[in-house]
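Q: model the following, please.
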Amino acid sequence: MKLVYIFTVSCFIQILLALAVPVPIYAEYLEFDGLIEPHMVVKVGSGVSGILATVDVDRGEMVQKGQVLATLQSGVEKATMELARTRAKMEASIKAKQERLAYSERQQKRVADLYKENALSYEKMDEAETNRKLAELEVLEAIENKSLAEMELKRAIKVVKRMKIVSSVKGVVVKRFLSPGEFVEDQPILELAQIDPLNVEVILPVDMLGYVRVGMQAEVKPEALGSGNYSAEVTIVDRVVDAASGTFGVRLEMPNPKYRLPPGLKCKVIFHGE
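A: The predicted model follows:
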């Protein structure tokens, strides 16, 4: 009877211990294989079709965000922009219409004075009033035309600006697909990779689910370089487990300010127990 009691209590204690330990206890720290990848890979193309005039960077070169990478031939577009700029600056039409309006106002005043003295007919006064109103409308039309010319200039500037292909990230050129003289339509011109920070992808067993959390710190040890460990932070924890392998994915973000680590390296990721 005592043996049964002892066995029952022992089993009960083991169950409590199992429930109280939410993480694996087979090691002081948990180490897994990982892969270092670029933070972002971008294929850069053109928003408009055209012929490449220049490609200013090549594979392996570092680029800054906003840097001009390539340009399209834009002779016609630049000429249109300059024409719109000239039209937007034209003031002669407005000034001429304003002078005519001023003359019409003076003429109307003279006719109105004569009409009050019964020296002119109503038809002459009505004609003078109509001419004044038409002159006002001509001034308004000239002002609207200038506004349209200014809008056309803004549009032309944007069209010319779109002929320049700029980098959306700070990183390195991975591939160059096209060269000057080639036609661009729907295909990419360059492929860029942002390598600061870097992503570290890890596949973990399902029993780690609930232990690894977003914001958790870990150490990354690149295998090829063997130059110490690097700090990384968990940014993504997959919430769907792969049924076939019983694993799930985790992504960590690792600073790489001096580009010391190239992407593509295998590594060990160490999660220290809490």
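Q: just the buried positions in the helix or strand that Glu123 is a member of, please.
A: Per DSSP states H and E, Glu123 falls inside helix 122-161. Neighbour-count burial for helix 122-161, counted by 16 or more other CB atoms under 10 Å, picks out 125, 128, 131-132, 135-136, 138-139, 142, 146, 149, 152-153, 156, 159-160. Yep, even glycine has a C-beta here, placed from its N, CA and C like the rest.
Q: mind listing the strands the next helix or strand after that helix pairs with, and their directions?
A: Counting by DSSP H and E, the element after helix 122-161 in chain order, helix or strand, is strand 164-166. Looking at strand 164-166 with DSSP bridges, its partner strands are strand 68-72 (antiparallel).
Q: and the strand it pairs with, average pLDDT?
A: Strand 68-72 carries an average pLDDT of 95.
Q: and Gly215, its phi and psi?
A: Main-chain torsions, Gly215, degrees, to the nearest 10: phi 100, psi -10.
Q: quick revisit: any idea how far the helix holding Glu123 is from the middle of the chain?
A: Distance of helix 122-161 from the chain centroid (CA atoms, centre = their mean, to the nearest Å) equals 40 Å.
Q: go on, stretch 95-108?
A: In terms of CA atoms, centre = their mean, the centre of stretch 95-108 is found 52 Å from the chain centre.
Q: the helix holding Glu123 packs against which elements?
A: helix 75-89, helix 92-116 (3 or more CB pairs under 8 Å, 6 or more residues apart in numbering; DSSP states H and E).
Q: Asp207: which of those helices is closest?
A: Proximity to Asp207 (CB to CB) singles out helix 75-89 among the helices and strands packed on helix 122-161, at 61.1 Å.
Q: return the alpha-carbon coordinates of the closest one using CSV.
A: Output of helix 75-89 as CSV, limited to C-alpha atoms (Å, rounded to 0.1, in the frame of the first residue of the first chain):
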residue,chain,number,x,y,z
GLY,A,75,15.3,64.5,-75.2
VAL,A,76,11.7,64.9,-76.3
GLU,A,77,10.4,65.1,-72.8
LYS,A,78,12.9,67.8,-71.8
ALA,A,79,12.0,69.9,-74.8
THR,A,80,8.4,69.6,-73.9
MET,A,81,9.3,70.7,-70.3
GLU,A,82,11.1,73.7,-71.6
LEU,A,83,8.2,74.7,-73.8
ALA,A,84,5.8,74.4,-70.9
ARG,A,85,8.3,76.5,-68.7
THR,A,86,8.3,79.3,-71.3
ARG,A,87,4.5,79.3,-71.6
ALA,A,88,4.2,79.4,-67.8
LYS,A,89,6.3,82.5,-67.7
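Q: buried ones in that helix?
A: Within helix 75-89, the residues that count as buried by 16+ other CB under 10 Å are Glu77, Thr80, Met81, Ala84, Ala88.
Q: likewise for stretch 197-214?
A: Within stretch 197-214, the residues scored as buried using 16+ other CB under 10 Å are Pro197, Leu198, Asn199, Val200, Val202, Leu204, Met208, Tyr211, Val212.
Q: what about the residue nearest to the fourth one when sequence neighbours are not counted, how many residues nearby?
A: Distances taken as CB to CB, 6 or more residues apart in numbering put Leu252 closest to Val200, at 4.2 Å, once the chain neighbours are dropped. Neighbour count for Leu252, taken as other CB atoms under 10 Å: 27.
Q: tell me the contacts of Leu252?
A: Gly34, Asn199, Val200, Val202, Ala218, Val220, Ala232, Glu233, Val234, Thr235, Val269 (CB atoms under 8 Å, 6 or more residues apart in numbering).
Q: can you redo the helices and strands packed on helix 122-161 as a markdown table with distance to Leu30?
A: As requested, those are exported to a markdown table (distance: least, CB to CB, whole Å):
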| stretch | distance to Leu30 |
| --- | --- |
| helix 75-89 | 59 |
| helix 92-116 | 77 |
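Q: of all those helices, which lies closest to Val166?
A: Evaluated over the helices and strands packed on helix 122-161, closeness to Val166 peaks at helix 75-89, with 16.6 Å, by CB to CB.
Q: give me the mean pLDDT for the closest one.
A: 85.
Q: and the residue nearest to Phe177 when sequence neighbours are not counted, which of the three is it?
A: Using CB to CB, 6+ apart and skipping residues adjacent in sequence, the residue nearest Phe177 is Pro188, 5.5 Å away. The local conformation at Pro188, judged by DSSP: H, G, I helix; E, B strand; the rest coil, is coil.
Q: that's all I had, so thanks and see you.
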